[in-house]
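Asks: coords please:
(one chain, ligands or ions: 3)
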Amino acid sequence: MTARPERIQDVSQAAGEERPLPKHVAFIMDGNGRWAKSRGLARTEGHRRGLEALRGVVRHAGKIGVEVVTFFSFSSENWRRPQQEVSFLMTLLRRFMQRDLSELHEANVRIRIIGEREDLEPGIRSLLEEAESLTKDNTGLTLVVAFNYGSRDEIVRAARKLSLKVAAGELTADQITEDAVSEALDTSGLPDPDLLIRTSGEIRLSNFLLWQSAYTEFHFSPLNWPDFDETAFDRAIADYCGRDRRFGGLSAKVV
Ligand code: IPE
Ligand code: IPE
Ligand code: MG
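Replies: Numbers count the residues shown, from 1 in each chain. Ligands and ions are numbered 1, 2, ... in the order given. I've put the predicted structure just below:
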């Protein structure tokens, strides 16, 4: 992999000064259905094209030196959709894990899956586990797939894990710190997202990374996900680079 550039050109233009690139970018890939509908196509075609957009974004992220990308691909609430659409989305995940795995592994990509696995078919579960274990020692881009993921569900599961440890005497209540909670989440060990991009013009989180996005910068794109390309990604990064992240403190410009 090429060395990670410390700065991006557009940054100085957008902000009047140079800012670091985001290390972790998370995506709410929304608007596949509307993309298809506006073309008179089936929603499933929108999902298929959405997977192609994801591949392009992963390649571009590796090229510009982003370290972690997270994609919201199926929420814990998406089971409410018609059975046919749910099963198509399961097939798409299976296809992605089967067809793209060797290429991703060769590109030194490390795969992480977040979300509840218990509800998934054993076949899909083992594909996810294989992808994680095959790529676990890779040192390039980390690709996080949020599948059957809901942030509240993740926080509840973390609370259960911690309470079991307290009940077993392995942890005291005082030891439940912010770090301990972060470590009990599915995203344990990953940095919080610096930038979260949602496509399709919707301005909400839909139960995605609620804990982790406490200080994340948000970018809402009007494009439907299948139309989100390298140019749109670069635009979002330039937008991020123009932000003043204060984390509750004061701007470097003010101090
Ligand atoms: C995002 O596109 C993909 C998933 C949620 C799986 P949608 O399927 O939500 O597309 P819209 O929002 O109906 O257009
Ligand atoms: C969020 O999109 C989930 C994914 C992108 C996987 P939705 O389309 O499910 O969100 P809502 O229902 O519009 O909030
Ligand atoms: Mg949607």
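Asks: and the residue in the chain positioned nearest to ligand 1, what does it touch?
Replies: Closest residue of the chain to ligand 1, Cβ to the nearest ligand atom: Gly33 (2.8 Å). Bear in mind the C-beta positions are built from the backbone N, C-alpha and C, glycine included. Neighbour list for Gly33: 43, 46 [criterion: Cβ atoms under 8 Å, 6 or more residues apart in numbering].
Asks: So it belongs to a strand, correct?
Replies: No: assessed with DSSP: H, G, I helix; E, B strand; the rest coil, Gly33 is helix; it does not lie in a strand.
Asks: what's the spacing between Arg59 and Leu141?
Replies: Counting by Cβ to Cβ, to the nearest Å, the gap from Arg59 to Leu141 is 9 Å.
Asks: So between these two, which is more surrounded?
Replies: Leu141 (22 against 13; other Cβ atoms under 10 Å).
Asks: Show the contacting residues for the more buried one.
Replies: Counted by Cβ under 8 Å, 6+ apart, Leu141 has contacts 1, 58, 61-62, 66-69, 107-110.
Asks: cool, Ile114 as well?
Replies: When contacts are counted by Cβ under 8 Å, 6+ apart, Ile114 touches 70, 144-147, 149, 154, 186-187.
Asks: do Thr135 as well
Replies: Thr135 touches 101, 104-105, 109-111, counting by Cβ under 8 Å, 6+ apart.
Asks: Nearest residue to Arg152 in space, please, no chain neighbours.
Replies: Spatial nearest neighbour of Arg152, excluding adjacent residues (Cβ to Cβ, 6 or more residues apart in numbering): Asn207 at 6.0 Å.
Asks: What parts of the protein come near ligand 1?
Replies: Residues of the chain found near ligand 1 (Cβ under 6 Å from any ligand atom) are 29-34, 74, 78, 89, 200.
Asks: Can you turn the buried subset of those into a selection I can paste into ChimeraX?
Replies: In ChimeraX, selecting the buried portion of those, with burial taken from 16 or more other Cβ atoms under 10 Å, looks like this:
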select :29,30,31,32,33,34,74,78,89,200
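Asks: Farthest-apart pair in the residues of the chain next to ligand 1, please.
Replies: Using Cβ to Cβ, the two most remote members of the residues of the chain next to ligand 1 are Arg34 and Phe74, lying 17.5 Å apart.
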